[in-house]
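1. everything below, folded, please.
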Amino acid sequence: MPIVNRVAELSDEVALWRQDLHRHPELMFDVFRTAGVVEEKLKEFGCDEIVTGLGRTGVVGVIKGRKGDGRTIGLRADMDALPILEATSVAHKSETPGKMHACGHDGHTAMLLGAARYLAETRNFAGTAIVIFQPAEEGGGGGREMVNDGVMDRFGIEQVYGMHNMPGIPLGMFAIRQGPFLASADRFEVEITGHGGHAAQPHDCIDPIVAGAQMVNALQTIASRNVGPVDSVVVSVTQFHAGSANNIIPQNAHLTGTIRALKKETRALAKQRFHEIVEGVAALNKCKVKIDFEDGYPVTFNHADETEFATKIAQEIVGAEKVMTDVPPVMGAEDFSYMLEARPGAFICIGNGATAGLHHPEYDFNDKAIPYGVSYWARLVETALAA
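-> Have a look, this model is predicted:
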């Protein structure tokens, strides 16, 4: 089944909504204007119930089918932008210097609004569709906050689905995989304290730079010697700060970085070995060490039945040959993972074409993807909740 006719008619208007959101990017939980736009449009569409302030600034719309009794499914979009100075020349360029929609959340929000309008107009389903507009995907854990605020239980959501655009995947195509799709993402900071002094007298010092350098090298053995070669783990030290002059051995050194994995067991092992290595190297060098380890987003895990169903819907929209089901996992992270831990569901990627990559200052969501994304949402609801 191709793009829904009514969706095709709405696509230009949805694109205007998207471009308005792009002009006014907001970060993390401070998505007050964006949430206000979403709330206003859901009211305009005639949603049966609208709830604001979930997960601090999230918005939820309730749309009941012609037959109100039945199952309930959730559809989620993220609303926040990134702290990046936009480098595009598009007419709808960000009007807020240093902030831009560099990940396409403006497109995600607009597509789900388009689906909400269509579903509220037609109501060609039995049951309830819950449209979830989430803040703070970019590092704030807005998905976790909405789950903790009871979004699943309050609305009786039985299954939940998410979508993200993907540059490099052609327009009119989808990509999905069963099981782990995106990685967990933990972060660490390490403060190493030695004993500073004159660089000409290192024997009188305890050098935190030497200890830090050994830690950087030793941490790479987690992937090369602790995790199986067919498993996936990333340990990246991304900052190393120490010293102030060429003739001074500093008192302190500071490391930060991230650990990514695709399995809970691998994630736990990497965390264990991280602590053992950092503490062991510090002891070896007679340094003191302070570790700040933050458990971040969990693995985004697509459930089997829901992935099969989402794949079927995408194939109905664009054809089986345009839905990739064997794409490799991505070591990036996504906080839709919290919703998939709370309820079975699936996360799918929609092609954005040959555009700049995500989080790049020249990125822009491709409005030509809108009819495919809105049609996917519409058919998913109508099929899952067939009247």
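2. what helix or strand does Lys43 sit in?
-> Under the criterion of DSSP states H and E, Lys43 resides in helix 32-45.
3. flag every buried residue along the lowest-mean-pLDDT helix or strand in the chain.
-> Sorting the helices and strands of the chain by mean pLDDT, DSSP states H and E puts strand 67-78 at the bottom, at a mean of 90. For strand 67-78, burial by neighbour count (16 or more other C-beta atoms under 10 Å) applies to 70-78. C-beta here means a position set from N, CA and C on the backbone, and glycine is covered the same way.
4. separation between the residue nearest to Asp367 when sequence neighbours are not counted and Tyr363?
-> Distances taken as C-beta to C-beta, 6 or more residues apart in numbering place Ala15 nearest to Asp367, at 4.1 Å, with adjacent residues excluded. With distances taken as C-beta to C-beta, to the nearest Å, Ala15 is found 16 Å from Tyr363.
5. so between the two, which is more surrounded?
-> Using other C-beta atoms under 10 Å, the more surrounded residue of Ala15 and Tyr363 is Tyr363, with 24 against 21.
6. surely that one meets Ala356?
-> Yes: between Tyr363 and Ala356 there is a contact at 4.3 Å, judged by C-beta atoms under 8 Å.
7. follow-up on the earlier one: just the CA trace of the least confident helix or strand of the chain, in CSV.
-> Listed next in CSV are the C-alpha coordinates belonging to strand 67-78 (Å, rounded to 0.1, in the frame of the first residue of the first chain):
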residue,chain,number,x,y,z
LYS,A,67,-14.6,2.1,18.4
GLY,A,68,-13.0,3.3,21.6
ASP,A,69,-12.6,-0.1,23.2
GLY,A,70,-9.5,-2.0,22.1
ARG,A,71,-5.8,-2.0,22.5
THR,A,72,-3.6,1.1,23.1
ILE,A,73,-0.3,1.8,21.3
GLY,A,74,2.1,4.7,21.7
LEU,A,75,4.0,6.6,19.0
ARG,A,76,6.9,8.7,20.1
ALA,A,77,8.8,11.7,18.7
ASP,A,78,11.6,13.8,20.2
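8. counting by contacts, list what it packs against.
-> Counting contacts by 3 or more C-beta pairs under 8 Å, 6 or more residues apart in numbering; DSSP states H and E, strand 67-78 packs against helix 105-122, strand 126-134, strand 159-166, helix 370-384.
9. and the chain, what are its domains?
-> Domain assignment for the chain by automatic domain parsing gives 5-182+299-384, 184-297.
10. ranking those domains by burial, who's on top?
-> domain 5-182+299-384 (a mean of 20; mean count of other C-beta atoms under 10 Å).
11. that one: end-to-end distance?
-> With C-alpha to C-alpha, to the nearest Å applied, domain 5-182+299-384 spans 20 Å between its terminal residues.
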